[in-house]
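>>> The sequence and its predicted three-dimensional model are supplied below.
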Amino acid sequence: MFSSRLPRELPPNDLARAVANLRAAGTSLLDLTATNPTAVDIPYPSGVLSSLADPLAERYEPDPHGVPAARRAVAAEFQRQGAPIPADRIVLTASTSEAYALLFKLLCDAGDDVLIPQPSYPLFEWLTRLDNVSARPYRLEYHGRWSIDRQDLERALTPRTRAVLVVSPNNPTGARLDDDDRDWLVEVCQARGLAMIADEVFADYPLAVGSGRSAWGLGLGPTGGSILAGESRVLTFSLGGLSKSAGLPQVKLGWIGVSGPDDLVGDAIDLLGVIGDTYLSVSTPVQVAAPRLIEAGREIRTAIQARLDLNLAALRAAIGGHPSVALLDPEAGWSAVLRVPAVESEEQLVLRLLRDAHVLVHPGYFFDFAHEAFVVVSLLPDPAVFGEGIGRLLTIASRR
């Protein structure tokens with residue numbers, strides 16, 4: 001009866017069962033996977049959502065690309081990040097996930113494929129599958145910093161590849177796309193007539209790297225890296241949204257900035273309008289409020305950045321006493337990856353952390369790391385929770 005795009009069964013894994021059992025028993029957990037900024041005591045301005053009640057939102061005048069004032073506000077955000085994308089090349093969406101769905105509809109027929117990075121957040125296989133598109137992975141490799149495994153990406157290409165997806169900063173590695181990889185990717189896409197989809201939702205959160213320099217010291221952009229937004233050589237779709245840039249995941253507004261050769265950009269904007277007019281999914285109140293929400297996001301973003309910096313510094317200090325555990329330096333974003341001794345499987349380790357220390361972390365396999373053993377922690381939790389949780393994690397992970 002149901003579509004083959006959906007699973008027949010949804011059994012919980014061992015980690016999910018263990019967490020559910022502990023919470024049902026009333027056990028308090030130190031959750032180092034928390035990435036919801038509204039739930040970790042980040043200070044928010046008073047009345048930050050009051051603009052959603054603007055009387056202008058009572059009138060419904062839909063625009064398939066988004067209302068002009070909201071698009072102008074997003075264009076100003078791109079300008080702030082060093083990417084001058086005009087408002088008429090911006091399309092509003094209800095979320096970044098919806099932006100992907102629109103782009104897969106725009107670029108792909110059923111059975112076509114897009115290339116996705118690994119390790120990365122485990123979302124793209126489902127998003128592509130729901131649009132009858134195949135996700136073909138290409139590896140990222142770590143040699144002091146992350147870079148694209150170019151041979152692996154070239155092996156992943158097929159005659160039905162339509163786009164290469166780049167997540168920069170990557171979630172969870174915090175890796176930025178450097179200029180060499182960017183130029184090489186552009187050449188690949190030019191040669192094969194492919195589009196680039198750039199997920200840059202964490203672009204506003206540069207982090208200090210191991211030497212104490214920030215990502216700004218890497219010769220990257222003012223928001224922490226070389227962003228693909230504004231790329232003129234190939235058709236490029238740059239994704240962002242209020243969820244990360246303003247710390248407002250509950251306010252569903254995302255966007256696509258379109259850049260590249262003028263003829264392709266024009267066609268893409270027109271066709272995205274056809275798709276958008278079919279759904280008209282972005283609410284009027286959030287579009288009317290967008291300029292003020294984006295402005296309020298500056299203060300929220302500053303508070304989030306302070307939390308990230310504080311917890312990352314605490315993590316580095318704690319790891320100093322545990323030489324068997326290594327931090328894979330993040331350049332930006334909200335997460336950190338730790339390489340731990342591979343004396344047991346990642347699943348055994350995270351289950352032992354839950355059972356013996358009541359600490360919740362993500363195992364590396366959740367993000368499709370090529371091998372073991374890694375764990376991933378969020379840098380967003382309350383500093384007291386983070387510090388205590390990291391201490392327990394390092395004590396257990398260092399035991400041989």
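Sure, I can see it.
>>> quick one: the host helix or strand of residue 140 to chain centroid distance?
If you go by DSSP states H and E, residue 140 is part of strand 134-142. Per CA atoms, centre = their mean, to the nearest Å, the displacement of strand 134-142 from the mean C-alpha position of its chain is 15 Å.
>>> tell me what the next helix or strand after that strand is packed against?
Per DSSP H and E, the first helix or strand lying C-terminal to strand 134-142 is strand 146-148. With contacts taken as 3 or more CB pairs under 8 Å, 6 or more residues apart in numbering; DSSP states H and E, strand 146-148 sits against strand 134-142, helix 179-192. Every C-beta, even on glycine, is put in place using the N, C-alpha and C of the backbone.
>>> Now render these as TSV, adding mean neighbour count, distance to residue 352 and mean pLDDT.
Formatted as TSV, the helices and strands packed on strand 146-148 follow (neighbours: other CB atoms under 10 Å; distance: least, CB to CB, whole Å; pLDDT from 0 to 100):
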stretch	mean neighbour count	distance to residue 352	mean pLDDT
strand 134-142	18	25	97
helix 179-192	16	37	96
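>>> ok, and the closest non-adjacent residue to residue 79?
With sequence-adjacent residues excluded and distances taken as CB to CB, 6 or more residues apart in numbering, residue 79 is closest to residue 85, at 7.9 Å.
>>> I'd like to know how many residues surround the one you found.
24 (other CB atoms under 10 Å).
>>> To which secondary structure element type does it belong?
Of the three states, residue 85 takes coil under DSSP: H, G, I helix; E, B strand; the rest coil.
>>> list the contacts for it?
75, 78-79, 229-230, 238, 257-259 (CB atoms under 8 Å, 6 or more residues apart in numbering).
>>> can you tell me how far it sits from residue 72?
Distance, residue 85 to residue 72, by CB to CB, to the nearest Å: 11 Å.
>>> what sits in contact with each of those two?
Counting by CB under 8 Å, 6+ apart, nothing touches both residue 85 and residue 72.
>>> Would you map the strands across the stretch 151-300 of the chain?
161-167, 195-199, 236-241, 254-259 (DSSP state E, counting those that start in this stretch).
>>> out of those, which comes closest to residue 375?
strand 161-167 (19.7 Å; CB to CB).
>>> Do I have it right that residue 368 meets residue 121?
No. Look at residue 368 against residue 121 with CB atoms under 8 Å: they stay out of range, at 9.5 Å.
>>> Which of the helices or strands spans residue 70?
Short version: residue 70 belongs to helix 68-80, going by DSSP H and E.
>>> Show me which positions of that helix end up buried.
By 16 or more other CB atoms under 10 Å, the buried positions in helix 68-80 come out as 70-75, 77-78.
>>> and residue 393, what does it touch?
32, 338, 353, 357, 359, 361, 375, 377.
>>> now the last one: how far from residue 361?
Computed as CB to CB, the residue 377 to residue 361 distance reads 5 Å.
>>> Break this structure into its domains for me.
14-43+298-397, 59-296 (automatic domain parsing).
>>> can you put the ones you listed in a markdown table and add distance to residue 50?
Formatted as a markdown table, the domains of the chain follow (distance: least, CB to CB, whole Å):
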| stretch | distance to residue 50 |
| --- | --- |
| domain 14-43+298-397 | 14 |
| domain 59-296 | 9 |
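>>> ok, of the ones you listed, where does mean pLDDT dip lowest?
Mean pLDDT is lowest for domain 59-296 out of the domains of the chain, coming in at a mean of 92.
>>> Quick one: end-to-end distance for it.
24 Å (CA to CA, to the nearest Å).
>>> again with stretch 192-209
35 Å.
>>> For it, buried residues please.
In stretch 192-209, counting by 16+ other CB under 10 Å, buried: 194-209.
>>> same deal with stretch 116-126?
116-121, 123-124.
>>> same deal with stretch 103-119?
For stretch 103-119, by 16+ other CB under 10 Å, it's 103-108, 112-119.
>>> Can you pick out the ones from those residues that are in strands?
If you go by DSSP state E, the buried residues of stretch 103-119 have 113-118 in strands.
>>> Angles on the backbone of the residue nearest to residue 79, please.
Per-residue torsions, residue 85: phi -110, psi 120 (degrees, to the nearest 10).
>>> I'd like the contacts of residue 393 as a markdown table, with neighbour count, secondary structure and distance to residue 141 appended.
Shown next, in a markdown table, are these (neighbours: other CB atoms under 10 Å; DSSP: H, G, I helix; E, B strand; the rest coil; distance: CB to CB, whole Å):
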| residue | neighbour count | secondary structure | distance to residue 141 |
| --- | --- | --- | --- |
| 32 | 27 | coil | 25 |
| 338 | 22 | strand | 18 |
| 353 | 25 | helix | 27 |
| 357 | 17 | helix | 31 |
| 359 | 26 | strand | 29 |
| 361 | 27 | coil | 23 |
| 375 | 24 | strand | 19 |
| 377 | 26 | strand | 22 |
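>>> Can you tell me the element the closest residue to residue 366 other than its chain neighbours falls in?
Ranked by CB to CB, 6+ apart and with sequence neighbours excluded, the top spatial neighbour of residue 366 is residue 122, at 6.3 Å. Assigned by DSSP H and E, residue 122 belongs to no helix or strand.
>>> Quick check: closest non-adjacent residue to residue 277.
Nearest residue to residue 277 in three dimensions, chain neighbours excluded: residue 64, at 3.8 Å (CB to CB, 6+ apart).
>>> surely the one you found meets residue 282?
No. Residue 64 lies out of contact with residue 282 (CB under 8 Å); the separation is 9.6 Å.
>>> Tell me, how many residues neighbour residue 18?
Neighbour number of residue 18 under other CB under 10 Å is 17.
>>> residues contacting it?
So residue 18 contacts 351, 354-355 (CB under 8 Å, 6+ apart).
>>> if you set the cut-off to 6 Å instead, what comes out?
351, 354 (CB atoms under 6 Å, 6 or more residues apart in numbering).
>>> Look at it and give its secondary structure.
helix.
>>> chain center to the longest helix seen in the chain, what's the gap?
Longest helix in the chain by number of residues (criterion: DSSP state H): helix 284-319. Relative to its parent chain, helix 284-319 has a centroid offset of 14 Å by CA atoms, centre = their mean.
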